[in-house]
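In: Any chance you could fold what I've pasted below:
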Amino acid sequence: MPHIPQDDIATRKREHLDLALNEAVRTHDAGFEAITLPYDALFEVSDSSLDTHTSMAGHELSFPLMIGAMTGGSPYSTQINTDLRALTRELGIALCLGSIRAYLADNTCRSTYGADLGGIAFANIGIAELTTYSPQAIEEACLALGTKGIFVHLNYLQEAIQHGGNRKSGNGFAVLESFCRHFSLPVFVKEVGSGIGGSCAQRLAELPIAGIETAGRGGTSWVLVEALRHNPPLPKECIDALKNVGYHTPDCIRAVRQALPTRYVIASGGIETPLDAIKALAIGADAVAIAQPILRTYTDTGRSGLTHWLSQFIETARLIWRSTGARHIDELKKNGK
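Out: I've put the predicted structure just below:
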């Protein structure tokens, strides 16, 4: 396999973290404002009768929330990931780590993915890396990092813009099919800011995957992250064009749910408020994933501030959930149709 200098990967990962906090990489047009939830003015669902539990790849969460993939492979991410992994255990939510490509290239960066503190964490890797590393090597990495499975991100557009990115495409389905056949842990598939539409979801439904994370338009676009890293800078017209590639998150949720009626659907891409989260669940998602608002809060206020932010986010989401008259997620989806 090709040797990639570890310092190059670490530098890029740190740049990714810094740019993820730049509002210019967020499109802020997810489309949740067009969705209206039912509202029960009698408020007949008490807090004690509300059941927000969900089972994700056989692991129970107290609330259907995942901290989305952001960081790994840079020394700067060590404390962040350790704190995030602790929070998943404390709050009963999940975490998707940043790409494990750096670990596969040099396992001495193990600590940058955080200490395994017993929470529900998943690994993450780009589809291009599936042609570089064997399923066995990736599975061993997942186990070494204390993760319960892996998210494979479909980032061909990002790689096409990234300096030194892997521009080979055309056989993504075959690559995924082969990987799933030789990988024994749960596999999820996700996008990186342009979303997964109906035709793609229907193809993915042919594979033995556990579920799909939408990563639709509206939140952080990793294509835009790479566009801002581009040297020389891309013209404004090109950046504006890239912002409009793909599907808005609510459209992704509906399309993926239709294609995968019995598998796990995680909504991500522009989910910023508790109201966005409950709307996403009501139209078909089993859980929601949030990344940039969490990274921003952690950067500004540290672990204690993020603990408060997440606790209040979940508490407010529970209140909105109750206001719809739904006692559990199946009722919420039924009421939201």
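In: Could you export stretch 244-261 as CSV, keeping only the C-alpha atoms?
Out: Output in CSV follows, covering the C-alpha atoms of stretch 244-261 (Å, rounded to 0.1, in the frame of the first residue of the first chain):
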residue,chain,number,x,y,z
ASN,A,244,-26.1,23.5,-4.7
VAL,A,245,-25.1,20.0,-5.6
GLY,A,246,-27.2,17.2,-4.1
TYR,A,247,-30.4,16.9,-2.0
HIS,A,248,-31.8,18.7,0.9
THR,A,249,-31.9,16.6,4.1
PRO,A,250,-35.7,16.2,4.5
ASP,A,251,-35.9,14.9,0.9
CYS,A,252,-33.0,12.5,1.7
ILE,A,253,-34.8,11.2,4.8
ARG,A,254,-38.0,10.4,2.9
ALA,A,255,-36.2,8.8,0.0
VAL,A,256,-33.9,6.6,2.1
ARG,A,257,-36.8,5.5,4.4
GLN,A,258,-38.8,4.5,1.3
ALA,A,259,-35.8,2.5,0.0
LEU,A,260,-34.9,0.9,3.3
PRO,A,261,-38.2,0.5,5.2
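In: in it, what counts as buried?
Out: Judged by neighbour count (16 or more other C-beta atoms under 10 Å), stretch 244-261 contains these buried residues: 246-257, 259-260. C-beta here means a position set from N, CA and C on the backbone, and glycine is covered the same way.
In: Then stretch 46-59?
Out: Applying 16+ other C-beta under 10 Å to stretch 46-59 flags 52, 54, 56-57 as buried.
In: Other residues contacting that stretch?
Out: 60-64, 66, 94, 120, 122, 148-149, 186, 188, 210-211, 264, 286-287, 318, 321-322, 327-329 (C-beta atoms under 8 Å, 6 or more residues apart in numbering).
In: Now restrict those to buried residues only.
Out: 61, 63-64, 66, 94, 120, 122, 148-149, 186, 188, 210-211, 264, 286-287, 318, 321-322, 327, 329.
In: Take these and keep only those in helices.
Out: Counting by DSSP state H, the part of the buried ones among the contacts of stretch 46-59 found in helices is 318, 321-322, 329.
In: Output those residues in TSV; the columns should cover pLDDT.
Out: Converted to TSV, those look like this (pLDDT from 0 to 100):
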residue	pLDDT
Arg318	98
Trp321	98
Arg322	98
Ile329	97
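In: coming back round to it: ok, the buried residues of stretch 244-261 vs Ser111, which is closest?
Out: Thr249 (33.5 Å; C-beta to C-beta).
In: what residues are up against the closest one?
Out: Per C-beta under 8 Å, 6+ apart, neighbours of Thr249: 30-32, 195, 214, 216-219, 267-271, 280.
In: mind running it again at 7 Å?
Out: For Thr249, the contacting residues are 30-31, 195, 214, 216-218, 267, 269-270, by C-beta atoms under 7 Å, 6 or more residues apart in numbering.
In: Restricted to helices, list those residues.
Out: The members of the contacts of Thr249 all map outside helices under DSSP H.
In: among those, which ones are buried?
Out: Among those, the ones that count as buried by 16+ other C-beta under 10 Å are 30-31, 195, 214, 216-218, 267, 269-270.
In: For the nearest residue to Ala57 once chain neighbours are set aside, report the pLDDT, please.
Out: Nearest-residue entry for Ala57: Pro186, 3.9 Å, with adjacent residues in sequence omitted and distances by C-beta to C-beta, 6 or more residues apart in numbering. We have a pLDDT of 98 for Pro186.
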